[in-house]
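Undergrad: Need coordinates for the below:
(chains A and B)
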Amino acid sequence: MEIPEKELLAPGHRACAGCGATIGVRLALKMLGENTVAVSATGCLEVITTPYPETSWKIPWIHVAFENAGAVASGVERALKAQGKDDVTVVAFAGDGGTADIGLQSLSGAMERGHNLIYICYDNEAYMNTGVQRSGATPYGASTTTTPHGEESFGENKPKKNIPMIMAAHGVPYVATASISYPEDFMMKVQKAKEVEGPAYIHLHQPCTTGWGYDSSKTIELGRLAVETGSWLLYEIVEGEFKITYRPLERKPVNVYLEAQKRFKHLADAEKEKIQNYVDEICAELKI
Amino acid sequence: MIKVMSANGAISEAVKMCKPKVIPVFPITPQTTISEYLAKFVADGVLDAEYIRVESEHSAISAAVGASGAGVRTFTATSSQGLALMHEILFVAAGMRTPIVLGNANRALSAPLSIWNDQQDSISERDTGWMQFFAENAQEALDFVIQAYKISEDHQVLLPSMVCVDGYILTHTVEPVDIPRQEDVDEFLPPYEPISYLDPKNPMSLGTFTDPDYYMEARYDMQTAMDGAKDVIRRVNKEFEEVFGRKHGLVESYKTEDAEIILVAMGSICGTIKTVVDYLREKGEKVGLLRVISFRPFPQEDIYQAVKGARRIAVLDKNISLGIGGVLFNEIKAKMDVNASGFILGLGGREISPDHIIEIIEKTRNPTETNKINWIGLKEEE
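TA: Sure thing, here's the model as predicted:
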């Protein structure tokens, strides 16, 4: 796979060392190219890349608020269309909070209306920008500042909300999951999303050193462990056709993924077993 | 050409002639017919715009900011709960200096739920950085939309505008409206020329994050622009008069010159007040009306010049800032040394009759307590 060398997200931004989100955006922009307008929801990405008067964005970029990236991108897309600038790609980047929770309505509207845009959710599985509070995308058992573990709590007590499938239920032409640790798989999906006429949704899993609690040198490793243990699946849904895009040769036990992170450190064996059973069930269905 | 239509019809005709490129809109009573007329114009091919059927008012204004940020003229319309749902993004639209024009059908806010008229909705958005122009009739609704684009898009201003029309009283009442010729509107309103917009050939970041070193200056610039907008409004009013022959201003003085008592009000109620003023003038009573057209920017100099000779003034509010009283009354009291009485009336569509106006004049002539909130048409008082 040919990977363009040109960087469209400049270095020197304010992200934590080992930030997974910025890796994802860098890779995505390489495929989308300069003739792109980016929309950001409020969140880590917006704050770290645009501290006025500086910006990391070498392409036009707009941020309006937390819950409306879908709507803002809709307005941008139609305004470009009205000016005959149909060749410009519109991409929205929003975190899991801006996607699964506060921004779900606006995203649903944009997907349903069929705008020609790409929406990439960078999913770090909690509200990281405000200091690791749980989101609808926080996985079962994770300790966050609003689902702390304690005498009466083992952390988040609900499984992760399945946003890619909710997007697929909108009948949009392209939905995919991806991981920053599988760059070729992700970039190929971005390329497909770019080529699709109509809305495309990519749910990008990205480890967060601060929120998950691991050494900042291990971001890519953690992303790989998520996929190799079956905790995160790589697939795409093209015009309704579901296809797994990566199968680990040998699925590792979930424990190796859980034990590498502080957010799961408190879990008792019983809870870990529940998580393993949950993963086994899904993977059995998908033959992973 | 004279056509008989409602203020919603007049706003829609004006929007069509101003040629916005993107119209994100969500229907709400009593704005609904605006969303319908514009959809029909687009469907019939007489308005070349992208009409976005958004899923909420929050997304309507968000898409409008996105479209305006991408460099095109944009329109949206709403009312009441819809405007309140937009609240957060109204600040952003103004702060990002997007010259969006919004038609607002003034309606009461819940609870209790009411679909009827008062002006609480837009008055409650007074601090958002939007200009607000209150129309007295359908003709003004049309004229103000055309002018609002020119004022908002002026590079000295670059703030969004709200054209406010009283729900039902104007939105659903038909009256004759002089529809201008398209070529005259084209002459008056040149194509929109954005300064900062999303362009891959010249990338910019819009809507960035600021630390305490920059935020205050951004707000200061907006206040300066809002202040300066008064002169832009005067100039645009003059240009409008030259092309279309109709005169508007920041305020309208109606028989105020020798008036001992002057009523101050906004919107359609001023039609009723003018009738009462004429009636009392015939009986030799020196009363007048000062109509505030531009609520933001607030034309305190123009108001003061018009009312300073009066013995007493009465300020009529179709809104209430709970805990202090009518907003227009309190702003006038704060900005000028006048003998004023404040009146709350017409909330949630409560009928306002000429007798109520006469009652207000009587109470103003012989005030009991000047800081008292005077409720007009309240059942408990009967």
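Undergrad: Show me what residue of chain B gets nearest to chain A.
TA: Relative to chain A, the nearest point of chain B is residue B:66 (2.9 Å; Cβ to the nearest Cβ). For the C-beta atoms, the positions are set from N, CA and C on the backbone; glycine is no exception.
Undergrad: and residue B:362, that's in a strand?
TA: No: Residue B:362: not assigned to a strand; according to DSSP: H, G, I helix; E, B strand; the rest coil it is helix.
Undergrad: re earlier: could you verify that the residue of chain B closest to chain A is part of a helix?
TA: Yes: looking at residue B:66 with three-state DSSP, it is inside a helix.
Undergrad: mind listing what it touches?
TA: Contacts for residue B:66 (Cβ atoms under 8 Å, 6 or more residues apart in numbering or on different chains) come out as A:39, A:62, A:64, A:71, A:72, A:73, A:74, A:75, A:76, A:79.
Undergrad: Three-state assignment for residue 141, please.
TA: Picked chain A for this. coil.
Undergrad: what about it, how many neighbours?
TA: If you count neighbours by other Cβ atoms under 10 Å in any protein chain shown, residue A:141 ends up with 23.
Undergrad: about what we covered before: which non-adjacent residue is nearest the residue of chain B closest to chain A?
TA: residue A:75 (2.9 Å; Cβ to Cβ, 6 or more residues apart in numbering or on different chains).
Undergrad: elements contacting the helix or strand harbouring the one you found?
TA: Assigned by DSSP states H and E, residue A:75 falls within helix A:69-82. Helices and strands touching helix A:69-82, by 3 or more Cβ pairs under 8 Å, 6 or more residues apart in numbering or on different chains; DSSP states H and E, are strand A:36-40, strand A:89-95, helix A:104-113, strand A:118-123, strand B:22-24, strand B:50-52, helix B:57-69.
Undergrad: What sits closest to residue B:304 if chain neighbours are left out?
TA: Per Cβ to Cβ, 6+ apart, closest to residue B:304 is residue B:336, 4.6 Å.
Undergrad: Give me the pLDDT value at residue 154.
TA: Since you didn't name a chain, this refers to chain A. Looking at residue A:154, its pLDDT stands at 97.
Undergrad: right idea, wrong chain: chain B
TA: Value for residue B:154, per-residue pLDDT: 98.
Undergrad: Would you confirm that it contacts residue B:232?
TA: Yes: using Cβ atoms under 8 Å, residue B:154 is in contact with residue B:232, at 4.9 Å.
Undergrad: and the closest residue to residue A:99 other than its chain neighbours, how many neighbours?
TA: In this structure, residue A:99 finds its nearest non-sequential neighbour in residue A:121, 4.0 Å apart by Cβ to Cβ, 6+ apart. By other Cβ under 10 Å, 30 other residues sit near residue A:121.
Undergrad: Kindly provide the distance from residue A:121 to residue A:68.
TA: 14 Å (Cβ to Cβ, to the nearest Å).
Undergrad: and the helix or strand containing residue B:231 with chain A, contact?
TA: Assignment of secondary structure by DSSP H and E places residue B:231 within helix B:215-244. No: Helix B:215-244 lies out of reach of chain A by Cβ under 8 Å from any Cβ of the partner chain, never closer than 8.9 Å.
Undergrad: Tell me where the stretch 1-150 of chain B has strands.
TA: Assigned by DSSP state E, counting those that start in this stretch, the strands in the stretch 1-150 of chain B fall at B:2-5, B:22-24, B:50-52, B:75-78, B:101-106, B:131-134.
Undergrad: would you turn those into a markdown table with mean neighbour count and distance to chain A?
TA: Below are the strands of the stretch 1-150 of chain B laid out as a markdown table (neighbours: other Cβ atoms under 10 Å in any protein chain shown; distance: least, Cβ to the nearest Cβ, whole Å):
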| stretch | mean neighbour count | distance to chain A |
| --- | --- | --- |
| strand B:2-5 | 14 | 27 |
| strand B:22-24 | 29 | 5 |
| strand B:50-52 | 23 | 4 |
| strand B:75-78 | 31 | 10 |
| strand B:101-106 | 31 | 14 |
| strand B:131-134 | 27 | 20 |
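Undergrad: so can I have CSV of these showing mean pLDDT and distance to residue A:27?
TA: Converted to CSV, the strands of the stretch 1-150 of chain B look like this (pLDDT from 0 to 100; distance: least, Cβ to Cβ, whole Å):
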stretch, mean pLDDT, distance to residue A:27
strand B:2-5, 98, 55
strand B:22-24, 98, 31
strand B:50-52, 98, 30
strand B:75-78, 98, 36
strand B:101-106, 98, 39
strand B:131-134, 98, 44
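Undergrad: Taking their axis directions, the helix holding residue A:75 and strand A:118-123 sit at what angle?
TA: Computed by axes from the mean of the first three to the mean of the last three Cα atoms, to 10 degrees, the angle separating helix A:69-82 from strand A:118-123 equals 160 degrees.
Undergrad: What mean pLDDT does helix A:69-82 get?
TA: On average, the pLDDT along helix A:69-82 is 98.
Undergrad: coming back round to it: helices or strands up against the helix holding residue B:231?
TA: helix B:80-95, helix B:138-153, helix B:182-188, strand B:294-296.
Undergrad: that older thread, what score does the residue of chain B closest to chain A have for pLDDT?
TA: Predicted confidence (pLDDT) for residue B:66: 98.
Undergrad: Give me the pLDDT for the nearest residue to residue B:148 once chain neighbours are set aside.
TA: Distances taken as Cβ to Cβ, 6+ apart place residue B:161 nearest to residue B:148, at 3.8 Å, with adjacent residues excluded. On pLDDT, residue B:161 comes in at 98.
Undergrad: Could you do residue A:3 as well?
TA: We have a pLDDT of 89 for residue A:3.
Undergrad: list the contacts for whichever residue of the stretch 151-288 of chain A sits closest to chain B?
TA: Residue nearest to chain B within the stretch 151-288 of chain A (Cβ to the nearest Cβ): residue A:170, separated by 12.1 Å. Contact analysis of residue A:170 by Cβ under 8 Å, 6+ apart lists A:108, A:111, A:112, A:199.
Undergrad: confidence score at it?
TA: Looking at residue A:170, the pLDDT reads 98.
Undergrad: quick one: it and residue B:322, what's the gap?
TA: Taken as Cβ to Cβ, the span from residue A:170 to residue B:322 is 42 Å.
Undergrad: Kindly report the same for residue B:278.
TA: 35 Å.
Undergrad: Tell me which of the two has more neighbours.
TA: residue B:278 (12 against 5).
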